[in-house]
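no sequence for this one, just the structure:
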């Protein structure tokens, strides 16, 4: 009798472990900033774990955009890294996260977001269809132009600044993130 209980416990544990392992294998993660990004989590739930996106997360919080980026979406987010924010003139980020600059910060951040889920293959297809360029309308109402150099995808802002997509297709439950190496800005 005692042996049967032990065997049942072992069998139950085996079922739990193998089903959990199957779920982990089913969910294809991408590593960003030293952390696995899970497609079953939303944009904010994943971004907070990336050590490369602490500035972006702080800015999203300061702009009161957390709830928006946790909503159903879907969204395509071009997510600048901490290094991208460091390219801005000294003091820019510190100034932008002040409460009195919330509207400006919201505009800058939503300029990095496109409504809908555009995976890399969708963007590349749009670029090819547009004879080398695809114009994307951002949530802020601005325009980003996507283009390619070799196999790399870039986006150019309304001021002529460009950012390279360094990690594409980081799928989220409410969209997709493409990591970029430069902060893009709209005409202000």
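Arrived safely. Predicted model only: the values in this text are computed from it and were never measured. Residues are numbered from 1 along each chain as shown.

What is the longest strand of the protein by residue count?
Determined from DSSP state E, the single longest strand within the chain is strand 162-172.

C-terminal to it, which secondary structure element comes first?
strand 175-180 (DSSP states H and E).

Listing partners with orientation, what would you give for that next one?
Sheet pairing of strand 175-180 (DSSP bridges) gives strand 75-80 (parallel), strand 162-172 (antiparallel).

Show me the helices in this structure, by range?
2-26, 43-47, 54-62, 66-70, 82-86, 92-96, 102-110, 120-129 (DSSP state H).

Pull up the per-residue confidence for residue 64.
Predicted confidence (pLDDT) for residue 64: 85.

What about it, how many residues nearby?
Neighbour count for residue 64, taken as other CB atoms under 10 Å: 11. (Glycine included, C-beta is placed from N, CA and C.)

Where does pLDDT dip in this protein?
The model of the chain has pLDDT under 70 over residues 1-26, 188.

Recalculate using a threshold of 80.
Counting by pLDDT under 80, the chain contains low-confidence residues at 1-27, 31, 33-34, 188.

about what we covered before: could I get the strands paired with strand 175-180 in TSV, plus columns for mean neighbour count and distance to residue 106?
Below are the strands paired with strand 175-180 laid out as TSV (neighbours: other CB atoms under 10 Å; distance: least, CB to CB, whole Å):
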stretch	mean neighbour count	distance to residue 106
strand 75-80	25	14
strand 162-172	19	19
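
Switch these over to TSV; also include distance to residue 43.
Formatted as TSV, the strands paired with strand 175-180 follow (distance: least, CB to CB, whole Å):
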stretch	distance to residue 43
strand 75-80	6
strand 162-172	5
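
Nearest approach to residue 34 belongs to which of those strands?
In terms of CB to CB, the element of the strands paired with strand 175-180 nearest to residue 34 is strand 162-172, at 12.4 Å.

Just the residues contacting the closest one, thanks.
28, 30, 32, 37, 39, 41-43, 46, 78, 80-81, 84, 119-120, 152-157, 176-184 (CB atoms under 8 Å, 6 or more residues apart in numbering).
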